[in-house]
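Prediction below, plus the sequence it came from.
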Amino acid sequence: MACFGLVLCLAVLLFWPMPATAASYTLKGQVVQVADGDTLTLLVGRHRQRVRLASIDAPETGHGRKQPGQPYGQAARRALADLVAGQTLQLRCYEQDRYGREICDVPLADGRTASQAMVASGMAWANQQGGGKYLRDNSLLALQNKARQQGLGLWRDAQPVAPWDWRWMCWKALETGKKTTIC
């Protein structure tokens, strides 16, 4: 009986349809809004789709008194807008995040992605949150190091705070009433 149960479990595991985690798909539309340095809105037909740039995290722009923006947050938003605003683009997407945004690479006319351009100009970090589980483009690490060495963008600050740390150290502290020195 135990052997039958084991065979049944193996059969279920082998033949149960699993989601394709490595598959990518395309999304084509016009960029109609840039919310911040790593989020834009694409008009696909008549539908507006929020898109989060893959592999990067840009300085926070702020969302009211309890979630203030970071240094370079608005500069990062303007930098991304300069790269993509109003353009019709074909994005390479991987998945949706928990907020319903498509996670995508945004190819530019010069052969780079918007993520590469943002990191190279010091307007975003290579997303190493969670031990790098969000980093799909490893070339961003070298681009980030070069931008840091050249003191570009956010790397002008002596100790810039990564957005994933900012959200925790600033926003979480303000939410819970704890004192914080970074915001």
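All right, it came through fine. All values derive from a computational prediction rather than experimental measurement.

any idea how far residue 44 is from residue 175?
34 Å (Cβ to Cβ, to the nearest Å). Glycine gets a C-beta too; all of them are placed from N, C-alpha and C.

Then residue 29 would be within a strand, right?
Yes - secondary structure assignment places residue 29 in a strand (DSSP: H, G, I helix; E, B strand; the rest coil).

Just list whatever residues bridge to it.
In this entry, residue 29 is beta-bridged to residue 89, by DSSP bridges.

Am I right that it is in contact with residue 49?
Yes - counting by Cβ atoms under 8 Å, residue 29 does reach residue 49; the two are 6.9 Å apart.

which one of residue 175 and residue 44 has more residues nearby?
The residue with more neighbours, out of residue 175 and residue 44, is residue 44; 15 against 10, by other Cβ atoms under 10 Å.

For this structure, give me the ranges with low pLDDT.
Residues of the chain meeting the criterion pLDDT under 70: 1-22.

Break down this structure into its strands, ranges please.
25-36, 39-44, 47-53, 56-57, 88-96, 102-105, 125-126 (DSSP state E).

got JSON lines for these, with distance to residue 71 too?
Output for the strands of the chain, formatted as JSON lines (distance: least, Cβ to Cβ, whole Å):
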{"stretch": "strand 25-36", "distance to residue 71": "14"}
{"stretch": "strand 39-44", "distance to residue 71": "18"}
{"stretch": "strand 47-53", "distance to residue 71": "20"}
{"stretch": "strand 56-57", "distance to residue 71": "14"}
{"stretch": "strand 88-96", "distance to residue 71": "29"}
{"stretch": "strand 102-105", "distance to residue 71": "25"}
{"stretch": "strand 125-126", "distance to residue 71": "13"}
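
quick one, which of the ones you listed is nearest to residue 76?
Distance to residue 76, taken as Cβ to Cβ, is lowest for strand 25-36 among those, at 6.7 Å.

So which other helices or strands are in contact with that closest one?
On a contact count with 3 or more Cβ pairs under 8 Å, 6 or more residues apart in numbering; DSSP states H and E, strand 25-36 meets strand 39-44, strand 47-53, helix 73-84, strand 88-96.

Nearest to residue 141, out of those?
Nearest of the helices and strands packed on strand 25-36 to residue 141, taken as Cβ to Cβ: strand 47-53 at 16.0 Å.
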